[in-house]
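Undergrad: have a look; sequence and predicted model below, questions after that.
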Amino acid sequence: MAGGPTEAAKGVYSVWALPPEDVRDRLKRLMGALRSEFGGPKFEPHITVVGAISLGPDDARRRFRSACAALSPYPVRVSAVSRSTFFYQCVFLLIDPSPEVVATSARSCGHFGYENTTPYMPHLSLLYGDLTEEEKERARQRAEALDKEILSLSFEVSAVALYKTDTEDKSLESWEQVELCHLSDDK
């Protein structure tokens, strides 16, 4: 029912592209090693497809299902290990902005009515945190040393997930997967 109690409680949602299980396990090992050395919260390896947007839960699910119906599996390739000034982009794998990667985000953002305020920069975060520039650079170099083949990493994204992601919660304890969608070529 529109305007009912379930719709009144808006939350912050994001859509994540998930790596396949073998890649996820590899990334979790790398992320765990970086966390043990540099600190930071634990989170699932993902590529953000739609950034944080405030929606009611039913609306978020409806938009997510609509977006999923329009998506197909797509290839992803790592192009660099990088760092940024943002907590949520402390140290990350820069993803090649191929036409498939960019189109997946654009199509999904359209279903969510989400407008990027900056150009889409596909990335897979390895470490969240408020580190000094020197610490970030050490962590970036450490990532390359811990997984020497990381720059040749390619994989297919065949699943996306709707996550509840309160960006004010830097512990990430409130973050949770709401729904999972396995992408199909049958469009």
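TA: Structure received.
Undergrad: and residue 175, how many neighbours does it have?
TA: 18 (other Cβ atoms under 10 Å). In short, each C-beta sits where N, CA and C put it, glycine included.
Undergrad: mind checking how far it is from residue 121?
TA: According to Cβ to Cβ, to the nearest Å, residue 175 and residue 121 sit 21 Å apart.
Undergrad: could you do residue 92 as well?
TA: Distance, residue 92 to residue 121, by Cβ to Cβ: 9 Å.
Undergrad: repeat that for residue 65.
TA: From residue 65 over to residue 121 the distance is 26 Å, taken as Cβ to Cβ.
Undergrad: next one: residue 93
TA: Note on residue 93: its distance to residue 121, by Cβ to Cβ, is 12 Å.
Undergrad: give me the more crowded residue out of the two.
TA: For the pair residue 93 and residue 121, the greater number of neighbours falls to residue 93 (25 against 15), based on other Cβ under 10 Å.
Undergrad: just the element for the more buried one, please.
TA: Under the criterion of DSSP states H and E, residue 93 resides in strand 91-95.
Undergrad: tell me which helix or strand comes right after the lowest-mean-pLDDT helix or strand in the chain.
TA: Taking mean pLDDT, DSSP states H and E as the measure, the helix or strand of the chain with the lowest value is helix 5-8, at a mean of 48. As assigned by DSSP H and E, the chain's next helix or strand after helix 5-8 is strand 11-18.
Undergrad: what strands line up against that following strand, and which way round?
TA: Counting by DSSP bridges, the strands paired with strand 11-18 are strand 47-55 (antiparallel), strand 159-164 (antiparallel).
Undergrad: hmm, back to that, against which helices or strands is the strand holding residue 93 packed?
TA: For strand 91-95, the elements it packs on are strand 74-83, strand 123-127, helix 133-146, judged by 3 or more Cβ pairs under 8 Å, 6 or more residues apart in numbering; DSSP states H and E.
Undergrad: could you list the low-confidence segments of the protein?
TA: Scanning the chain with the threshold set as pLDDT under 70 gives 1-8, 85-89, 166-174, 186-187.
Undergrad: related to what we said a few turns ago, ok and the strand holding residue 93 relative to strand 11-18, angle-wise?
TA: On the basis of axes from the mean of the first three to the mean of the last three Cα atoms, to 10 degrees, strand 91-95 is oriented at 60 degrees to strand 11-18.
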